[in-house]
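Novice: coords please:
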Amino acid sequence: MIKESLELSLDSLRHRKVSSALTILGIVIGITAIVSLMSVGEGLQYAVAKQLEAVGSDKIIVTSGSDIMSAFMGEGLKEDDIDMVESENGVEIAFGILMKSISIKYRKENLIGQVIGIRSKDTEKIFEQMKVWEMDSGRYFKSGEKGIAVIGKRATENLFEREISIGDSLYVKGEKFRVIGILKSTANNQRDKSIFIPMEQLRDITDSKDSLSMIFAKVSDTSRIEKIADEIEQELDEEYGEGYFQATTSEQMAESVGSIFSIITFVLGGIASIALIVAGVGIANTMFASIMERTKEIGVMKAIGATNYNIMEIFLIESSLLGIFGGIIGCVIGFVISQIITLFAGSFLPVPFETVVTIETIIMSLSFSVIVGIISGLWPARKAAKMQPVEALRSD
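Specialist: Below you'll find the predicted structure:
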């Protein structure tokens, strides 16, 4: 009987193509949102984990202001603060950087890119002791050197139309710099597209005087890292006033990203839920319309021996098919959207980002769409099953 019920359900859907398509559309929207959302969530978790691994669990990042944008403005922190952070009990090494978005010229191409200034006396700390960045080829600049630059791996390949090589010259705000080294790729997409030059020269070029964007510190005991971060923040508060600086561990940064994603998940999850509820109402309305059109057919089936269960089975299969078709289409569209997000996200996010569509996501989404279809079709199916044959046959 199931085979016959399936054939009847498919015939009914083919007979009402437009209404069936509109009903399926609601399921498609909801499932597309779920698949896209979960793929972004999986991707973000992976990206944050990679970023945490790259930075290391023994690092503290000190920034000025209450948000990350203040760091890019290069305001607040001073060079003396590096020594203060490094003198804190439990801190092994500390160094500062200055970040500026300024004009960069290579051959005949001009663009606005990120230039990072590092004190030339700190390069040994960065590359040899802390290993924040590693050289892919060439070398890093040393104390006293000027007019030289180290560039990120992605900067060599993607920043300009022609690939940058060691020995080539760049112009940072009109000032000439010769490339002497290329860094290995890291989990930080934005950093990989940056140009690194001596901080003293970047300050002269941008008239930044004594300002810093960030201070990185490596601790000797990771079990005390949060306490050390609090002590650094307290020292800065005493020096400059409360609330001007924040000292954050790499794990705290990951937690912050997780909190932001939780809010996004809640909002988008709500939208997806509303879409599925609307789709469920649409399925119920479609099923009621189908029952009205097939009242005599139901009467005939009951007259020749069809049971209430048989009638319910037909209409539940029909509503389930609406859910299945909507779920399959939604999963396909959701996967396509997730790939589009991956394609464009790298241009906007500071870390390499790739959405992840797992088999668990597909199974859960399809199951969800089928459940919505069954629940939405349950009431109409029961109504059809309770019809009396004589009354059904008399209907117009």
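
Novice: where are the low-confidence patches of this structure?
Specialist: 1-14, 48-56, 65-75, 129-132, 187-190, 257-258, 345-353, 390, 392-396 (pLDDT under 70).

Novice: map the structural domains onto the sequence of this protein.
Specialist: Structural domains annotated on the chain: 2-52+255-394, 59-219, as defined by automatic domain parsing.

Novice: closest one to residue 245 among these?
Specialist: Across the domains of the chain, the minimum distance to residue 245, taken as CB to CB, is reached by domain 59-219, at 5.6 Å. Heads up, the C-betas are built off the backbone N, CA and C, glycines and all.

Novice: for this protein, which segments count as helices?
Specialist: Along the chain, the segments classed as helices by DSSP state H run 2-15, 17-55, 68-73, 80-86, 123-124, 153-154, 189-192, 199-206, 225-240, 250-293, 295-303, 308-348, 359-385, 389-394.

Novice: could the ones you listed be laid out in JSON lines, adding distance to residue 162 and mean neighbour count?
Specialist: Listed next are the helices of the chain as JSON lines, based on distance: least, CB to CB, whole Å; neighbours: other CB atoms under 10 Å:
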{"stretch": "helix 2-15", "distance to residue 162": "57", "mean neighbour count": "14"}
{"stretch": "helix 17-55", "distance to residue 162": "28", "mean neighbour count": "20"}
{"stretch": "helix 68-73", "distance to residue 162": "28", "mean neighbour count": "16"}
{"stretch": "helix 80-86", "distance to residue 162": "37", "mean neighbour count": "17"}
{"stretch": "helix 123-124", "distance to residue 162": "27", "mean neighbour count": "18"}
{"stretch": "helix 153-154", "distance to residue 162": "15", "mean neighbour count": "18"}
{"stretch": "helix 189-192", "distance to residue 162": "18", "mean neighbour count": "22"}
{"stretch": "helix 199-206", "distance to residue 162": "24", "mean neighbour count": "19"}
{"stretch": "helix 225-240", "distance to residue 162": "43", "mean neighbour count": "17"}
{"stretch": "helix 250-293", "distance to residue 162": "35", "mean neighbour count": "16"}
{"stretch": "helix 295-303", "distance to residue 162": "72", "mean neighbour count": "17"}
{"stretch": "helix 308-348", "distance to residue 162": "20", "mean neighbour count": "19"}
{"stretch": "helix 359-385", "distance to residue 162": "41", "mean neighbour count": "19"}
{"stretch": "helix 389-394", "distance to residue 162": "77", "mean neighbour count": "14"}
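
Novice: how about the ones you listed, which one is nearest residue 143?
Specialist: helix 123-124 (7.8 Å).

Novice: give me the contact list for that closest one.
Specialist: Residues outside helix 123-124 that contact it (CB atoms under 8 Å, 6 or more residues apart in numbering) are 140-143.

Novice: buried subset of those, written for PyMOL?
Specialist: Only the buried entries of the contacts of helix 123-124 go into this PyMOL selection, using 16 or more other CB atoms under 10 Å:
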select buried, resi 140+141
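
Novice: burial measure for residue 147, as a count.
Specialist: By the criterion of other CB atoms under 10 Å, residue 147 has 14 neighbours.

Novice: from the contacts of helix 123-124, pick the one nearest residue 117.
Specialist: Nearest to residue 117 among these, counting by CB to CB, is residue 141 at 11.2 Å.

Novice: what sits against the closest one?
Specialist: Neighbouring residues of residue 141 by CB under 8 Å, 6+ apart: 120, 123, 148-150, 180-181, 197-198.
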